[in-house]
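Engineer: no sequence for this one, just the structure:
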C-alpha cells in the first residue's frame, strides 16, 4: 500500500509563499503520476498540479499556473509544491495524490491519497 504524508501547510499573508511536501512510502512505480489537489469548504476537490515521476513533465490547473511549481525529489522520494504569490482564494486543504497513469486533472484517476495539509492565506 502506497502511503502519502503531506507537510508544510500553515498561515501566510496574501502575496507570501509556502512550500508543501509529500513524502511517499510503500510499493511505488516510476510510471506513476503524482498530483496535488485542494478542497475548500463547500467546494469540490480542485486539481492543482501533477508531475510524471519518471520524466518530470508537469501539468497545472489554470488558477495556479505561473504561481505554483511542482517538483519531485528522486532521492528523498517526495513531491513538493512551491506556492508563490498566494491569494486568499488559495485557502484550502491540500492533498497529495499518486497512482494516476497519465497527467490527469480528474481526482478519480489517482489511486492513493494523503490526509491533507491546511493552507490559509489571509488578506
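Structural biologist: Looks like it arrived, so ask away. None of these values were measured; they are calculated from a predicted model. Residues are numbered from 1 along each chain as shown.
Engineer: Return the distance of residue 81 relative to residue 35.
Structural biologist: Going from residue 81 to residue 35 by CB to CB, to the nearest Å gives 10 Å. (Each C-beta comes from the backbone N, C-alpha and C, glycine too.)
Engineer: got it, and residue 93?
Structural biologist: 15 Å.
Engineer: So for the two, which residue has more residues nearby?
Structural biologist: A direct count of neighbours by other CB atoms under 10 Å for residue 93 and residue 35 places residue 35 higher, at 29 against 18.
Engineer: quick one: contacts for the more buried one?
Structural biologist: 47-51, 96-98, 100, 104, 110 (CB atoms under 8 Å, 6 or more residues apart in numbering).
Engineer: Mind doing that once more with 7 Å?
Structural biologist: 49-50, 97, 100, 110 (CB atoms under 7 Å, 6 or more residues apart in numbering).
Engineer: Give the closest residue to it in space, chain neighbours not counted.
Structural biologist: residue 50 (3.9 Å; CB to CB, 6 or more residues apart in numbering).
Engineer: quick one: contacts of the helix or strand where the one you found lies?
Structural biologist: Element membership for residue 50 (DSSP states H and E) is strand 46-52. Residues from elsewhere that reach strand 46-52, judged by CB under 7 Å, 6+ apart: 33-39, 57-61, 64, 68, 70, 72, 79, 81, 103-105.
Engineer: Quick check: the residue nearest the centre of the chain vs residue 59, distance?
Structural biologist: The centre of the chain sits closest to residue 36, judged by CA atoms, centre = their mean, with a distance of 2.2 Å. Between residue 36 and residue 59 the computed distance is 11 Å (CB to CB).
Engineer: Count the neighbours of residue 17 for me.
Structural biologist: Residues near residue 17, counting by other CB under 10 Å: 11.
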